[in-house]
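I would like to see how this sequence folds:
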Amino acid sequence: MAVKSLLHVFRALKTRGNTPKYGLIFHSSFIGRASAKNKGRMARYLANKCSIASRIDCFSERGTTAFGEKLREQVEERLDFYDKGVAPRKNIDVMKSAIESADNKDMEMETEEVPVEASGKKAKKKKQKAADEGDDMAVETTNGDALEDQKSEKKKKKKEKRKLDQEAEQNVINGVADGEVKKKKKKDKKDENGEMVEAASETKKKKKSKS
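Sure thing, here's the model as predicted:
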């Protein structure tokens, strides 16, 4: 049936005629169970539910069949509504029940009993991983402390070098200043001695002239 519908579609495209109204979905068993006047309604309703199911499968984090089962129930209820007049459930209520059933299934999967040996092995592996991580962290901390100590020692050495250089410069400056002061003092002494000698020679000359 699907092949026939595809042939109808390609034939319509080739001859540029009217394409089939419903396409492949019209051959579904749900639409076949509906009456002739309700086939179009059921085709649109089934397409709507298929699009919702595909979106849920695309964006859900975990695969589950709960939503598909609930959507199938909705299609069945819609068939009963068209045939017998039974009012179907609202879409919000159906989706809430689907979410609850999906959560319950996840909880059941998580709470399944694990063999004792497997659990013991897993616990040992976890402990080993934790120990390895602890060793790695300890090595990293020791390496970090050693690097910090080296940096602090380098800084101290640089500071000491700077201090020694400054002291040497100050000593050189002080030494130059002391030498200049000593030279000035010597010059002053020489000047004073020369003045004294001149004064003594003048007094001698005066005495001689008087005599």
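
packing partners for the helix or strand containing residue 71?
Assessed by DSSP states H and E, residue 71 sits inside helix 66-84. Identification of packing neighbours for helix 66-84 by 3 or more Cβ pairs under 8 Å, 6 or more residues apart in numbering; DSSP states H and E yields helix 29-33, helix 39-59, helix 91-110. C-beta coordinates here come from the backbone N, C-alpha and C atoms, glycine included.

OK, contacts around the residue nearest to residue 81 when sequence neighbours are not counted?
Once flanking residues are discounted, residue 81 sits nearest to residue 88: 5.2 Å by Cβ to Cβ, 6 or more residues apart in numbering. When contacts are counted by Cβ atoms under 8 Å, 6 or more residues apart in numbering, residue 88 touches 74, 77-78, 80-81.

likewise for residue 98?
Residue 98 touches 66-67, 69-70, counting by Cβ under 8 Å, 6+ apart.

filter those down to the buried ones.
Among the contacts of residue 98, those classed as buried by 16 or more other Cβ atoms under 10 Å are 66-67, 70.

between these, which is nearest residue 56?
For the buried ones among the contacts of residue 98, the closest approach to residue 56 (Cβ to Cβ) belongs to residue 67, at 4.9 Å.

which SS state does the residue nearest to residue 81 fall under?
coil (DSSP: H, G, I helix; E, B strand; the rest coil).

got a pLDDT number for it?
Looking at residue 88, its pLDDT stands at 89.

change the start of the numbering to 59 and stick with it
Noted, 59 is the first residue going forward, which turns the last one into residue 146.

mind telling me the two of the contacts of residue 156 farthest from one another?
For these, and using Cβ to Cβ, no pair is farther apart than 125 and 127, which are 7.3 Å apart.

any chance of the contacts of residue 146 in CSV, plus pLDDT, neighbour count and distance to residue 212?
Shown next, in CSV, are these (pLDDT from 0 to 100; neighbours: other Cβ atoms under 10 Å; distance: Cβ to Cβ, whole Å):
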residue, pLDDT, neighbour count, distance to residue 212
132, 92, 22, 75
135, 92, 15, 80
136, 91, 20, 81
138, 90, 12, 86
139, 92, 13, 85
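
turn those into a markdown table, including distance to residue 69.
Converted to a markdown table, the contacts of residue 146 look like this (distance: Cβ to Cβ, whole Å):
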| residue | distance to residue 69 |
| --- | --- |
| 132 | 35 |
| 135 | 37 |
| 136 | 32 |
| 138 | 37 |
| 139 | 36 |
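
residue 111: neighbour count?
15 (other Cβ atoms under 10 Å).

ok, residues contacting the helix holding residue 129?
With contact meaning Cβ under 8 Å, 6+ apart, helix 124-142 is reached by 88, 91-93, 96, 99-100, 103-104, 107, 110-111, 114, 118, 144-147, 149, 152-153, 155-157, 159-160, 163.
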